[in-house]
Structures are given as structure tokens and as C-alpha cells.
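Peer 1: okay, structure incoming, though there's no sequence with it:
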């Protein structure tokens with residue numbers, strides 16, 4: 001690619017539908033598939049100077065996508081395990097007060113994760129995830145490129161996931177620490 005944005009956009013357009021379909025076969029989620037695709041191409045752009053132009057691109061990008069799909073699937077298993085442990089540690093699963101407190105703890109954690117983003121990242125992320133705007137709509141509204149929108153969403157997802165990994169252990173039923 002030699003840093004050529006036009007070449008990158010051409011690869012992006014050429015592989016988008018194929019790779020999202022590939023992800024969908026395993027994840028059954030358009031949102032996860034789109035996120036993985038966006039994240040993979042953001043990684044390609046960030047590391048384009050290390051890509052050997054004499055090697056075929058398809059095996060390279062499919063390997064990235066496959067590894068990210070596997071990571072998501074492993075994360076889903078861990079999330080399920082986390083939910084089971086949270087339920088097992090709950091004093092009374094039917095206790096609405098405890099549930100509301102836990103929900104408010106996680107809402108606070110999510111809001112804190114959002115607040116850890118830059119203003120532009122947060123704005124793009126919220127337009128995408130709470131107002132369900134397309135990348136094109138966001139780019140037009142904020143007068144930025146679609147690629148910049150993709151970068152902000154990919155970076156935001158990484159930062160939010162990392163924030164949760166660092167802080168989720170501090171929450172548990174009724175705010176008590178969870179022991180894993």
C-alpha cells in the first residue's frame with residue numbers, strides 16, 4: 001500500500017462484504033462482524049509499512065480476521081462464565097435491590113469507560129452505538145472522513161474493553177468484590 005490512502009480504500013471496499021460474511025458465519029452478529037472488520041482494517045492501516053507488497057493480501061487479512069473472531073468467541077465464553085460466577089456469588093438472585101445496585105454499578109463503570117475516551121472518540125462512538133448512525137452519516141455530520149470514524153470506533157471499543165478488563169473485578173453483587 002505504501003501509505004496510499006486510495007489503495008487502502010480500494011482494498012477496504014474489495015474485501016468488506018466478503019470479510020463481514022466470513023465473520024457472520026461464526027458470530028451470527030452483524031455488530032460483532034462489523035466491529036471485527038473495522039478493527040482489522042484499522043490494524044492494517046496502522047501497520048501498512050510492515051506489509052510485504054510481494055505477498056498476497058487475502059491470506060494476511062483473513063488470518064487477522066480469523067484471529068479476531070476466535071478472540072471474540074473466547075470473550076463470549078468468558079462473559080458467560082463471568083455471568084455464571086456473578087449469579088453463583090449473589091446472595092439472592094431474585095433480590096431486585098441487589099440487581100438494581102449491580103446494574104447501576106455497571107452503568108457507572110460503562111459511563112466511566114466512556115469518559116476515558118477523548119471527546120471526539122466519545123462523540124463518534126455515541127453517534128454509532130446510541131443513535132445507530134452509519135459511518136457515512138457520522139462522517140458527514142462531523143465533517144470527518146469515514147476512515148477517521150472507523151478509527152475512532154475501533155479505538156473506542158479497544159479502550160472500553162480494556163477499561164472493563166481492568167475494573168470489572170472490583171464489582172460484584174451489591175458492590176462487593178468478585179473473587180475469580
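Peer 2: Received, thanks. These numbers come from a predicted model, not from an experiment.
Peer 1: return the helix or strand in the protein with minimum mean pLDDT.
Peer 2: Of all helical and strand segments in the chain, the minimum by mean pLDDT, DSSP states H and E falls on helix 96-115, at a mean of 74.
Peer 1: which residue sits closest to the residue nearest the centre of the chain, ignoring its sequence neighbours?
Peer 2: Residue closest to the mean C-alpha point of the chain, counted by Cα atoms, centre = their mean, is residue 157 at 3.7 Å. Nearest residue to residue 157, sequence neighbours excluded (Cβ to Cβ, 6 or more residues apart in numbering): residue 35, at 6.0 Å. For glycine as for every other residue, the C-beta is placed from the backbone atoms N, C-alpha and C.
Peer 1: tell me the contacts of the one you found?
Peer 2: 153-154, 157 (Cβ atoms under 8 Å, 6 or more residues apart in numbering).
Peer 1: next: residue 141.
Peer 2: Going by Cβ under 8 Å, 6+ apart, residue 141 touches 127, 133.
Peer 1: state the mean pLDDT of the helix or strand hosting it.
Peer 2: Under the criterion of DSSP states H and E, residue 141 resides in helix 135-142. Averaging pLDDT along helix 135-142 gives 91.
Peer 1: after it, next one along is what?
Peer 2: Per DSSP H and E, the helix or strand that comes after helix 135-142 is helix 146-167.
Peer 1: now that following helix: how far from the chain's centre is it?
Peer 2: Relative to the centre of its chain, helix 146-167 is centred 6 Å away, using Cα atoms, centre = their mean, to the nearest Å.
Peer 1: against which helices or strands is that helix packed?
Peer 2: helix 5-27, helix 30-46, helix 96-115, helix 119-129, helix 135-142 (3 or more Cβ pairs under 8 Å, 6 or more residues apart in numbering; DSSP states H and E).
Peer 1: so what pLDDT did residue 176 get?
Peer 2: 41.
Peer 1: actually residue 160, not the one I wrote
Peer 2: At residue 160, pLDDT is 85.
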